[in-house]
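Peer 1: Need the 3D shape of this:
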Amino acid sequence: MSSEDRLTRAEEIIANLAVVARDANKRLSAAEGDIRSIDGRLDKLVEISQGFDERLDTLADLQANSERKIAALADAQIHTEAALVRLSEAQGRTEEALVRLSEAQGRTEEALKGLSMKMSELAAAQAHSDQRLDALIDFVQGADERPQS
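Peer 2: You can find the predicted model right below:
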């Protein structure tokens, strides 16, 4: 190959390299646009992700608060159940006391009936004693008024 052929060949290679460089520049420019677009989308995704993180943090706080409230309600329920057991026991004792009170009331009523009968008998006996005392007084007064011999 002669120098001229070599030179022509070098020029062709250089021309091809220039075309390849231009195509590469076009592709790089297009890729830069795509990268900027992807970068913008990525920024938007980061922004959305941060919003989700904030929402998740808020949800975690709300969940923790709910768990505390549920635990407090469970404790209150335990105390309520214990109080209900004590109340039920007290009601049982009260019902037993009411039964005993009712029985005592019945005995008291019977005793009052007996006492009432005794008082009626006593009143009748008192009336009979009053009659005998009146008769005795009349007798004694009659004896005082008679002449003594």
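Peer 1: any idea how far the residue nearest in space to the middle of the chain is from residue 136?
Peer 2: With distances taken as C-alpha atoms, centre = their mean, residue 73 lies nearest the centre of the chain, 4.3 Å away. Distance of residue 73 to residue 136, computed by C-beta to C-beta, to the nearest Å: 89 Å. All C-beta atoms are positioned from the backbone trio N, CA, C, and that covers glycine.
Peer 1: Likewise for residue 64?
Peer 2: Separation of residue 64 from residue 136 (C-beta to C-beta): 102 Å.
Peer 1: And for residue 39?
Peer 2: The spacing between residue 39 and residue 136, counted by C-beta to C-beta, is 138 Å.
Peer 1: go on, residue 1?
Peer 2: In terms of C-beta to C-beta, residue 1 sits 185 Å off from residue 136.
Peer 1: all helices of this protein, in order?
Peer 2: 3-145 (DSSP state H).
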